[in-house]
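**Student:** Here is a sequence with its predicted model. Questions after.
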Amino acid sequence: MNGERIHRGFSTKVKNAVDQVRDYGRFMSHKENIDRMRQFGYLPDRPRLAVLIGRDPEDPDSRGWRVQRQEELDVKIVTYDEVLQSQVDQ
C-alpha cells in the first residue's frame, strides 16, 4: 500500500475547526444571540460557514478526494490556492 491510507479523511485539526465553525453557526441561529452580536458590527442574514486550510494537494487523486469529502460537509473547506485564484479572477 506504500503508506497510503485506504479510508482518507480530513485531519483532526480540520475536523476540530469544522466543529468549532458549526458551533458558531448554531450560536448565531438564535435570535437572542444575534441581537447581542450586532453590537460588534455587521452580521450577514444567512452566514455561510467555512474553514480556511493550507494548500491544494499537488496530485490530482488527492484533489479529487478533497472535493469528494467536501461534498459530505455542511461547512466549506477553502484552501489558500482557492483564495488566491479568486483574487486573480477578479
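**Tutor:** Perfect, I can see it now. Keep in mind it's a predicted model, so treat the numbers as computed, not measured.
**Student:** Going by C-alpha atoms from here, please, whenever you check contacts or count neighbours.
**Tutor:** Will do.
**Student:** Off-centre distance for the worst-scoring helix or strand of the chain on mean pLDDT?
**Tutor:** Sorting the helices and strands of the chain by mean pLDDT, DSSP states H and E puts helix 60-70 at the bottom, at a mean of 76. Put simply, helix 60-70 sits 14 Å off its chain's centre (Cα atoms, centre = their mean, to the nearest Å).
**Student:** What average pLDDT does the helix or strand just after that helix get?
**Tutor:** Per DSSP states H and E, the first helix or strand lying C-terminal to helix 60-70 is strand 76-79. Across strand 76-79, the average pLDDT comes to 85.
**Student:** Just the residues contacting strand 76-79, thanks.
**Tutor:** Residues outside strand 76-79 that contact it (Cα atoms under 8 Å, 6 or more residues apart in numbering): 49, 50, 51, 52, 53, 54, 55, 56, 70.
**Student:** Give me the nearest residue to the fifth one, chain neighbours excluded.
**Tutor:** It refers to residue 53. Leaving aside its sequence neighbours, residue 53 sits nearest to residue 79 (Cα to Cα, 6 or more residues apart in numbering; 5.0 Å).
**Student:** Which of the contacts of strand 76-79 fall in helices?
**Tutor:** Those of the contacts of strand 76-79 mapping onto helices are residue 70, per DSSP state H.
**Student:** can I get the contacts of strand 76-79 in a markdown table with distance to residue 30 and neighbour count?
**Tutor:** Converted to a markdown table, the contacts of strand 76-79 look like this (distance: Cα to Cα, whole Å; neighbours: other Cα atoms under 10 Å):
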| residue | distance to residue 30 | neighbour count |
| --- | --- | --- |
| 49 | 16 | 14 |
| 50 | 19 | 15 |
| 51 | 21 | 16 |
| 52 | 25 | 15 |
| 53 | 28 | 14 |
| 54 | 31 | 10 |
| 55 | 34 | 11 |
| 56 | 35 | 15 |
| 70 | 26 | 16 |
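**Student:** tell me which of the contacts of strand 76-79 is nearest to residue 26?
**Tutor:** residue 49 (10.6 Å; Cα to Cα).
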